[in-house]
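Engineer: no sequence on this one, just coordinates:
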């Protein structure tokens, strides 16, 4: 009997393969970072070929570490960075342009034109989303308009579009030799092209963006057998049986299956989701309506989401661009060497601000600098920026729900930072809870695949996999927490209205 489930977690900065056993414990894992291509200010790209190569490598490395083969694997699940846009030629399997990453803002002029008719909420009643560069639609349209011959090839049916899940699924199942062209409802709901209630591509939105329907993958559920690994593959005949966007995967891994349950994932960005069950709720406070998951033929489950563009990516910036730290993990030690931020606040609006303000005109800002400030204060301010942005989103969620959040379940790479978690509890004024398995994104993909193949029985069995590791309660006096947050709001105000006709992007 096969003993394991494999998850591929294709993220913004790296690709990982994680092997889980029946108790949802990690047996082996491997990870490789890929390059962040930054050809111009506001442009962020990845190499899809590099991502596919790294995917194969990490699977091989995880298998070697666990001393297993494909015969030991019951199913494969994929979690992936959402919105990132890949277009490739079905005939050759080659991308026609580098992947345009979710953080990329090059399409703001096109978004502004579309918003002139009906405003930024022009398609919200269909898609659950505002018009923004964040989503896939404008990125796909940009490729069609700017890559020579792309529109003609797309109209002729030669080009395929997908987010990274679709790219990996197509290659894993054969590529040019019959690879499947699919996505799931969670990823489709992030393209700004799907009717969120019908769970189908919207002709109205496709027409507005001038996108040929023939390019688009088939929309499937989040948990079903889509196909099997190709003959010339380490995963030959292994069922690909789960696909979820990374944040929905983390929600699934946190066992937040019921209405009202929530989670916060902290990686390159941060994403807070609240399950709304089978109800499509449109936010009045800057949150997004998204599909949480769909299991087989069951009704789709929905969520409200607060998306924060830059959290861990700010730590990476301190490491790579400023050289303040050597490794990302050094940030906690450096930040802990000072008792506070020294009056410094960093607003990491590298690509504008996402939820709840949705201000593409904002740019990164550092305020409160004095000669007293050291790199340790900057490190602490970088961590604190994640917490202040979280409070902005939590406040929006509480306003939409009409109820206060009772606790925040956290996961992701930044959740291992104890200083950050304590400050989170202090500023939010509630308990912050970390599970034993912080790799909730990969676990959610594994759960979806395992359910589809009968490796795990039902959602109750998956709930049994969740165990609390540590809990932080508020220690800081509320008056001090409110003072810090009030200063953060002043810093945010100074980051706005930066990009206008006088700024050359």
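Structural biologist: Here it is on my side, so go on. Just so you know, these numbers come straight off a predicted model, no measurement behind them.
Engineer: Going by C-alpha atoms from here, please, whenever you check contacts or count neighbours.
Structural biologist: Noted.
Engineer: Surely residue 87 touches residue 100?
Structural biologist: No: taking contacts as C-alpha atoms under 8 Å, residue 87 lies outside contact range of residue 100: 9.5 Å.
Engineer: List phi and psi for the nearest residue to residue 186 once chain neighbours are set aside.
Structural biologist: Once flanking residues are discounted, residue 186 sits nearest to residue 291: 5.1 Å by C-alpha to C-alpha, 6 or more residues apart in numbering. Residue 291 adopts backbone torsions of phi -80, psi 130, taken as degrees, to the nearest 10.
Engineer: quick one: average pLDDT of whatever helix or strand residue 28 lives in?
Structural biologist: If you go by DSSP states H and E, residue 28 is part of strand 26-33. If you average the pLDDT over strand 26-33, you get 95.
Engineer: so what does that strand touch, helix or strand wise?
Structural biologist: Counting contacts by 3 or more C-alpha pairs under 8 Å, 6 or more residues apart in numbering; DSSP states H and E, strand 26-33 is packed against strand 14-20, helix 48-66.
Engineer: Name the stretch among these that sits most buried.
Structural biologist: Highest mean neighbour count of these: strand 14-20, a mean of 24 (counted as mean count of other C-alpha atoms under 10 Å).
Engineer: any residues touching that one, and which ones?
Structural biologist: Residues outside strand 14-20 that contact it (C-alpha atoms under 8 Å, 6 or more residues apart in numbering): 4-10, 26-34, 51, 54-55, 58-59, 62, 66, 442-443, 446.
Engineer: Parallel or antiparallel, list what pairs with it.
Structural biologist: strand 4-10 (antiparallel), strand 26-33 (antiparallel) (DSSP bridges).
Engineer: before we move on, the earlier item: of the contacts of strand 14-20, which qualify as buried by neighbour count?
Structural biologist: Buried residues within the contacts of strand 14-20, counting neighbours by 16 or more other C-alpha atoms under 10 Å: 4-10, 26-31, 34, 51, 54-55, 58-59, 62, 442-443, 446.
Engineer: where does this structure dip in pLDDT?
Structural biologist: Applying pLDDT under 70 to the chain picks out residues 1-2, 501-505.
Engineer: longest helix anywhere in it?
Structural biologist: The residue-count maximum for a helix in the chain (DSSP state H) belongs to helix 375-401.
Engineer: Centre of the chain to that one, how far?
Structural biologist: Here the centre of helix 375-401 is set off from its chain's centre by 17 Å, with C-alpha atoms, centre = their mean, to the nearest Å.
Engineer: For that helix, enumerate the helices and strands it packs against.
Structural biologist: Going by 3+ C-alpha pairs under 8 Å, 6+ apart, helix 375-401 lies up against strand 270-277, strand 301-308, helix 312-320, helix 331-336, strand 345-347, helix 418-428.
Engineer: can you pull the contacts of residue 205?
Structural biologist: 123, 192-193.
Engineer: for those residues, which one is nearest residue 261?
Structural biologist: residue 192 (24.9 Å; C-alpha to C-alpha).
Engineer: Doesn't that closest one belong to a strand?
Structural biologist: No: the assignment for residue 192, made by DSSP: H, G, I helix; E, B strand; the rest coil, is coil rather than a strand.
Engineer: Was I right to think it contacts residue 136?
Structural biologist: Yes: under the criterion of C-alpha under 8 Å, residue 192 makes contact with residue 136 at 6.6 Å.
Engineer: count of residues packed around the residue nearest to residue 274 when sequence neighbours are not counted?
Structural biologist: Of all residues not flanking residue 274 in the chain, residue 262 sits nearest, at 4.3 Å (C-alpha to C-alpha, 6+ apart). Using other C-alpha atoms under 10 Å, residue 262 has 25 other residues around it.
Engineer: ok, now residue 466?
Structural biologist: By the other C-alpha under 10 Å criterion, the neighbourhood of residue 466 contains 17 residues.
Engineer: go on, residue 109?
Structural biologist: Look at residue 109: counted by other C-alpha under 10 Å, it has 12 neighbours.
Engineer: ok, it - contacts?
Structural biologist: Counted by C-alpha under 8 Å, 6+ apart, residue 109 has zero contacts.
Engineer: In the beta-sheet assignment, what are the partners of the nearest residue to residue 438 once chain neighbours are set aside?
Structural biologist: Closest residue to residue 438 in three dimensions, ignoring its sequence neighbours and counting by C-alpha to C-alpha, 6+ apart: residue 411, at 4.8 Å. Beta bridges link residue 411 to residue 265, judged by DSSP bridges.
Engineer: Might one say that residue 411 is in contact with residue 435?
Structural biologist: Yes: in this structure, residue 411 is within contact of residue 435 by C-alpha under 8 Å, at 7.2 Å.
Engineer: quick one, which of those two is more surrounded?
Structural biologist: For residue 411 and residue 435, the more surrounded residue by other C-alpha under 10 Å is residue 411, and the numbers stand at 27 against 19.
Engineer: what's near enough to touch the residue lying closest to residue 159 once chain neighbours are set aside?
Structural biologist: Spatial nearest neighbour of residue 159, excluding adjacent residues (C-alpha to C-alpha, 6+ apart): residue 89 at 4.6 Å. Residue 89 is in contact with 95-96, 158-160, counting by C-alpha under 8 Å, 6+ apart.
Engineer: Take the residues you listed and keep only those in strands.
Structural biologist: Among these, the ones falling in strands (DSSP state E) are 159-160.
Engineer: how about the contacts of residue 89 in TSV, adding neighbour count and distance to residue 176?
Structural biologist: Converted to TSV, these look like this (neighbours: other C-alpha atoms under 10 Å; distance: C-alpha to C-alpha, whole Å):
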residue	neighbour count	distance to residue 176
95	19	12
96	18	15
158	17	11
159	26	12
160	25	11
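Engineer: Which one of the contacts of residue 89 is nearest to residue 415?
Structural biologist: Distances from residue 415 to the contacts of residue 89, taken by C-alpha to C-alpha, are shortest for residue 95, at 34.5 Å.
Engineer: I'd say the closest one and residue 48 touch.
Structural biologist: Yes: counting by C-alpha under 8 Å, residue 95 touches residue 48, with 7.1 Å between them.
Engineer: Overlap of the contact sets of the two?
Structural biologist: Joint contacts of residue 95 and residue 48 (C-alpha under 8 Å, 6+ apart) are residue 86.
Engineer: Run through who's touching stretch 163-173.
Structural biologist: The contact list for stretch 163-173 (C-alpha under 8 Å, 6+ apart) reads 10, 52, 78-86, 179-183, 187, 217, 227-230, 233, 235, 240, 243, 245.
Engineer: One more: stretch 183-190?
Structural biologist: Stretch 183-190 has contacts (C-alpha under 8 Å, 6+ apart) with 82-83, 127, 135-136, 162-163, 165-166, 194-196, 199, 217-222, 243-245, 248, 290-294.
Engineer: Now do the end-to-end distance for that stretch.
Structural biologist: 11 Å (C-alpha to C-alpha, to the nearest Å).
Engineer: so how far is that stretch off the chain centroid?
Structural biologist: That offset, for stretch 183-190, works out to 12 Å (C-alpha atoms, centre = their mean).
Engineer: hmm, back to that, can you select the buried ones from the contacts of stretch 163-173 in ChimeraX?
Structural biologist: The ChimeraX selection below is limited to those of the contacts of stretch 163-173 classed as buried (16+ other C-alpha under 10 Å):
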select :10,52,78,79,80,81,82,83,84,85,86,179,180,181,182,183,187,217,227,228,229,230,235,240,243,245
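Engineer: Quick one: mark the members of the contacts of stretch 163-173 that sit in strands.
Structural biologist: Those of the contacts of stretch 163-173 lying in strands (DSSP E): 10, 78-80, 86, 182-183, 227-228, 240, 243, 245.
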